[in-house]
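> How does the following fold in three dimensions:
(one chain, ligands or ions: 2)
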Amino acid sequence: MALEQTLVLVKPDGLKKSLTGNILSRLSEAKLVIIGARVVNVSRELAETHYEHLQGRPFFEELIQYIMGDLHSTHRVAAFVYQGEDAIQKIRDIVGDTNPENANPVSIRGAYGRITTSGVFENVVHASSSSEDAEKEIKLWFGPDEIVEDIYPSREVMRSEVRMREWV
Ligand code: DAT
Ligand code: MG
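Ligands and ions are numbered 1, 2, ... in the order given. Got it, this is the predicted structure:
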């Protein structure tokens, strides 16, 4: 058993179908701890980096449009970092098979996923599938200050010329 972190995304179809609460309830069965949470506006660059291992596959462009929210008139994804013993496999078990038609019907993807007429798997959630993927994905979706535990090495930098907004 190893202490692991894993990235979970509630994809645009999950948000559109108001499934976030339901999904978090299901995932709480794994008895893990949420150490990061944010709602993200998904840019093309973020989408393409997240799915770079699938570049060149016939469904790639539609997958990018799906995760960006273009197919669900939203541009949001809810992102969570879970931590705990064997977090990666425990979450994958509750999430279910990639193809919603093959997924266990009581898994999240089995219960709520669908295959579109053009063949995209709208499978409601993403979950990291290895510790290497989890590290890459968590670093892509979260900065060190957006996670409440020090899980990977980081450094402090002073930046004076960074443009950011503040409340008025
Ligand atoms: P997973 O999301 O289970 O880790 P993956 O990393 O292989 O699966 O693929 C990422 C997403 O791409 C997946 O959630 C849905 C889509 N996808 C994968 N294979 C597909 C296929 N053969 N047809 C359509 N969409 C597919
Ligand atoms: Mg994957």
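> Spell out which residues of the protein are next to ligand 1.
54, 59, 63, 98, 119-121, 123, 126, 129 (Cβ under 6 Å from any ligand atom). C-betas here are computed from N, CA, C, even on glycine.
> so which of these comes closest to Ala78?
For the residues of the chain next to ligand 1, the residue nearest Ala78 by Cβ to Cβ is His126; the value is 10.6 Å.
> Where is the longest helix in this protein?
Criterion DSSP state H: the longest helix present in the chain is helix 131-141.
> what's that one packed up against?
When contacts are defined as 3 or more Cβ pairs under 8 Å, 6 or more residues apart in numbering; DSSP states H and E, helix 131-141 packs onto strand 3-10, strand 33-41, helix 44-50.
> Just checking: what are the partner strands of the first one?
Meaning strand 3-10. Its sheet considered, strand 3-10 pairs with strand 76-85 (antiparallel), strand 125-127 (antiparallel) by DSSP bridges.
> Select, out of the ones you listed, the one closest to Ile67.
Per Cβ to Cβ, nearest to Ile67 of those: strand 76-85, 6.8 Å.
> Quick check: what element follows the closest one along the chain?
helix 87-95 (DSSP states H and E).
> and the residue of the chain found nearest ligand 1, how many neighbours?
Nearest residue of the chain to ligand 1 (Cβ to the nearest ligand atom) works out as Thr98 at 3.3 Å. Look at Thr98: counted by other Cβ atoms under 10 Å, it has 13 neighbours.
> doesn't Val124 make contact with it?
No. If you go by Cβ atoms under 8 Å, Thr98 and Val124 don't touch, sitting 11.4 Å apart.
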